[in-house]
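S.K.: predicted model and sequence follow; I will ask about them next.
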Amino acid sequence: MYWRLSYRADNAALPLANRHYSRQKPDTGQFVAPGRCVVLTGLDADALWVSLWQRPEFVDHAWKDAWVCSLFRNESAELSSELISQAVAATRFGWPDVPSQGIVTFVDPARIRRKRDPGRCFVRAGFQACGVTKGGLLAFQLPPEAMPAAEPPVHGQLALL
């Protein structure tokens, strides 16, 4: 497991969060939207993952019963698809009751480095393209039955999740 447990205002993770295209207010103390979250950082602080679990009434997309990967940034030498699988496993460790729609993520093809297949690392991790949001983001979903088994992050403590 390459991930260690972190938190929504981890100063060591802030530079990675600031470099993610979804960041709306760089350098603000917290980089996670309201809701329950699992925040993971790479062992060398060179990768960042956020799983978000919001209440359905606050969700503004079609996947109301799903966790959301709201931020993933990999600046490590590790394969992104492997880090994604491990992050989902760590999320399952903290939240054993998986929602019916699994986990989704949204990719803005206009704001990522030129790639032939936006979201390719998620697809390699088992996610499937499942639609487009009202705002034009590509949606990718990993259903519960395709998720890896739960695995604790390094230094993971269930009470912190």
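M.R.: Everything's here; your move.
S.K.: tell me the secondary structure for A12?
M.R.: Judged by DSSP: H, G, I helix; E, B strand; the rest coil, the three-state class of A12 is coil.
S.K.: check R92 too.
M.R.: helix.
S.K.: residues near the nearest residue to it once chain neighbours are set aside, how many?
M.R.: Of all residues not flanking R92 in the chain, A150 sits nearest, at 3.9 Å (CB to CB, 6 or more residues apart in numbering). For the C-beta atoms, the positions are set from N, CA and C on the backbone; glycine is no exception. By other CB atoms under 10 Å, 15 other residues sit near A150.
S.K.: now do the contacts for A150.
M.R.: Counting by CB atoms under 8 Å, 6 or more residues apart in numbering, A150 touches A89, R92, F93, P96.
S.K.: for L48, see how far away it is.
M.R.: Distance of A150 to L48, given as CB to CB, to the nearest Å: 21 Å.
S.K.: am I right that the residue nearest to R92 sits in a helix?
M.R.: No: per three-state DSSP, A150 lies outside any helix segment and is coil.
S.K.: need the pLDDT of it.
M.R.: According to the prediction, A150 has pLDDT 97.
S.K.: which residues touch the one residue sitting closest to the centre of the chain?
M.R.: Central residue check for the chain by CA atoms, centre = their mean: the C-alpha nearest the mean position is that of C69, 2.7 Å away. Residues in contact with C69 (CB under 8 Å, 6+ apart) are W49, V50, S51, L52, I84, A87, I103, V104, T105.
S.K.: what about the third one, distance to V88?
M.R.: By that I understand S51. In terms of CB to CB, S51 sits 8 Å off from V88.
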